[in-house]
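Participant: what's the 3D shape of this:
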Amino acid sequence: MNRALTLDDLILAGIAVAAGLLAAFLSRTVLRWLAKHAKRTRWSGDDVVVDALRTVIPWSAIAGGAAAAGAVLPLTRTVQRTVNQSLTVLLIFVVTVSAARVIAGLVQSVTQSRSGVAGSATIFVNITRILVLAIGFLVVLQTLGISIAPLLTALGVGGLAVALALQDTLANLFAGIHILASKTVQPGDYIRLSSGEEGYVEDINWRQTTVRALSNNLIVIPNGELAKSNMTNFMRPEQQLTILVQVGVAYDSDLDEVERVTLEVVADTMTEIAGALPEHEPAIRFHTFGDSRIGFTVILGVGEFSDQFRIKHEFVKRLHKRYREEGIRIPAPTRTVALQQGTVVIPQQRTGDGVVQADVTAP
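Facilitator: Below is the predicted model of the structure:
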């Protein structure tokens, strides 16, 4: 100490610390008020910024009060330097953590607000957070007087060894970045892989893609496997899609009447069932003279992939009921086997009320 510690020094130091604490309390009160107003806005980015400031500003005020208290006390040069370095490191740590939170939150907010961008994918958020924390760590080392040049050199050499040891992990990381950058798959899309897995993409992180099946189970797929797999994305280039329903009627049916009745059922289903597209023009296409029926396809429009099951369910029920009311038959193929003495009867398909059989005399 350069001089003896006096009561005035203690009073001034106490005033400085109290002023820092008071400033921290007032700043948190003001920022709490701002946070309530930020929640009323549509953009979620201001919520992230205000939440981070609620951490940075109070701690900065406390650190400032402590630094002022240290300045008025008769400390030696070494102690004063240690106190200043400690407060600086504390402040850099708080700012770094808050900056990582703000930037990661802004990245997530921007991606969620734009279609065609990785909405809830954590891979970009995690990479951003790690980069900010790494920069803050290097600044702390520089503040403490530790040269970071040798550290960067060592990290470069060690990074090569780590890269060779973590080939699969890095392959999954870059595969996930490639998938998101190419916009072939985004969280919320419904996909089906050539291996049979299908469901809604929940998230794409640094190692794997999480898919939620319609059974509400989670399927975890490594990003590298997803990038190499043949995949169908039912949400792109647009979410709306068409579905095909196969129907067949008896040969004695009036096809014009069948088409008229079917279109009426389609119109009712499209306007009354949630998820259907009433503006989508339905189509009926006769295509097959089958063994027992004339087959045709009904083309319907649905809002998104999972809607098709409910719409098919209602359409089939209503079409079956209406066909029964109109007397339109939907024949089912049947087979009759008749055994006679000394004769082998080869069964043929029966349609309607007619039975065709071929007899072959046994030797």
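Participant: what mean pLDDT does the longest helix belonging to the chain have?
Facilitator: In the chain, assigned by DSSP state H, the helix with the most residues is helix 77-113. Mean per-residue pLDDT for helix 77-113: 75.
Participant: Who are the packing partners of that helix?
Facilitator: Packing partners of helix 77-113 (3 or more CB pairs under 8 Å, 6 or more residues apart in numbering; DSSP states H and E): helix 45-72, helix 122-143. Where C-beta positions appear, they are placed from N, C-alpha and C, glycine not excepted.
Participant: Just name the most buried of those.
Facilitator: Of all the helices and strands packed on helix 77-113, helix 45-72 has the most neighbours on average by mean count of other CB atoms under 10 Å, namely a mean of 19.
Participant: quick one, that one and helix 77-113 angle?
Facilitator: 180 degrees (axes from the mean of the first three to the mean of the last three CA atoms, to 10 degrees).
Participant: same for helix 45-72, what does it pack against?
Facilitator: Applying 3+ CB pairs under 8 Å, 6+ apart, one finds that helix 45-72 contacts helix 7-38, helix 77-113.
Participant: So for the shortest one, mean pLDDT?
Facilitator: Helix 7-38 shows an average pLDDT of 78 in the prediction.
Participant: list the buried ones in it?
Facilitator: Under the neighbour-count criterion of 16 or more other CB atoms under 10 Å, helix 7-38 has 9, 12-13, 16-17, 20, 23-24, 27-28, 31, 34-35, 38 buried.
Participant: tell me the angle that helix makes with helix 45-72.
Facilitator: Counting by the same axes, to 10 degrees, helix 7-38 lies at 180 degrees to helix 45-72.
Participant: Which elements pack onto helix 7-38?
Facilitator: helix 45-72.
Participant: buried stuff in stretch 84-100?
Facilitator: Buried residues in stretch 84-100 (16+ other CB under 10 Å): 87-88, 90-100.
Participant: for stretch 257-273, that is, sorry about that
Facilitator: For stretch 257-273, the neighbour count (16+ other CB under 10 Å) marks 258, 261, 262, 265, 266, 269, 270, 273 as buried.
Participant: Compute the distance between the residue nearest to the spatial centre of the chain and residue 305, please.
Facilitator: Residue closest to the average C-alpha location in the chain (CA atoms, centre = their mean): residue 187, at 2.4 Å. Here residue 187 is placed at a distance of 15 Å from residue 305 (CB to CB, to the nearest Å).
Participant: what's the answer for residue 197, then?
Facilitator: Distance, residue 197 to residue 305, using CB to CB: 14 Å.
Participant: looking at this, residue 301 is in a helix?
Facilitator: No. Read with DSSP: H, G, I helix; E, B strand; the rest coil, residue 301 is strand and lies in no helix.
Participant: Tell me, how many residues neighbour it?
Facilitator: 21 (other CB atoms under 10 Å).
Participant: Give the closest residue to it in space, chain neighbours not counted.
Facilitator: Nearest non-adjacent residue to residue 301, counting by CB to CB, 6 or more residues apart in numbering: residue 280, 2.7 Å away.
Participant: since we're on that neighbour, how many residues are nearby?
Facilitator: Residue 280 has 17 nearby residues by other CB under 10 Å.
Participant: tell me the contacts of it?
Facilitator: By CB atoms under 8 Å, 6 or more residues apart in numbering, the contact set of residue 280 is 240, 242, 270, 300, 301.
Participant: likewise residue 288?
Facilitator: 248, 294, 295, 296.
Participant: State the distance from the second one to residue 79.
Facilitator: Looking back up the chat, that one is residue 294. 98 Å.
Participant: Would you mind telling me which of these two has the busier surroundings?
Facilitator: Remark: of residue 294 and residue 79, residue 294 carries more neighbours, 19 against 13, as counted by other CB under 10 Å.
Participant: so that one touches residue 259, yeah?
Facilitator: No. Contact between residue 294 and residue 259 fails when scored by CB atoms under 8 Å: they sit 11.3 Å apart.
Participant: thinking again about what came up before, can you tell me which of the contacts of residue 288 are in strands?
Facilitator: Counting by DSSP state E, the contacts of residue 288 place 248, 294, 295, 296 in strands.
Participant: got those residues as JSON lines, with pLDDT and distance to residue 146 columns?
Facilitator: Below are the ones in strands among the contacts of residue 288 laid out as JSON lines (pLDDT from 0 to 100; distance: CB to CB, whole Å):
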{"residue": "248", "pLDDT": "91", "distance to residue 146": "80"}
{"residue": "294", "pLDDT": "91", "distance to residue 146": "84"}
{"residue": "295", "pLDDT": "91", "distance to residue 146": "78"}
{"residue": "296", "pLDDT": "93", "distance to residue 146": "78"}
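Participant: Can you add distance to residue 104 and give those residues back as JSON lines?
Facilitator: JSON lines is the format used below for the ones in strands among the contacts of residue 288 (distance: CB to CB, whole Å):
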{"residue": "248", "distance to residue 104": "57"}
{"residue": "294", "distance to residue 104": "61"}
{"residue": "295", "distance to residue 104": "56"}
{"residue": "296", "distance to residue 104": "55"}
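Participant: Tell me the one among the residues you listed nearest to residue 64.
Facilitator: residue 296 (80.1 Å; CB to CB).
Participant: give me the low-pLDDT residue ranges for the stretch 201-350 of the chain?
Facilitator: For the stretch 201-350 of the chain, the stretches with pLDDT under 70 are 334-350.
Participant: mind listing the strands for it?
Facilitator: 208-212, 218-222, 231-233, 241-249, 283-289, 294-302, 334-335, 343-346, 349-350 (DSSP state E, counting those that start in this stretch).
Participant: Pull the distance from stretch 259-279 to the chain's centre.
Facilitator: Here stretch 259-279 is found 32 Å from its chain centre; the criterion is CA atoms, centre = their mean, to the nearest Å.
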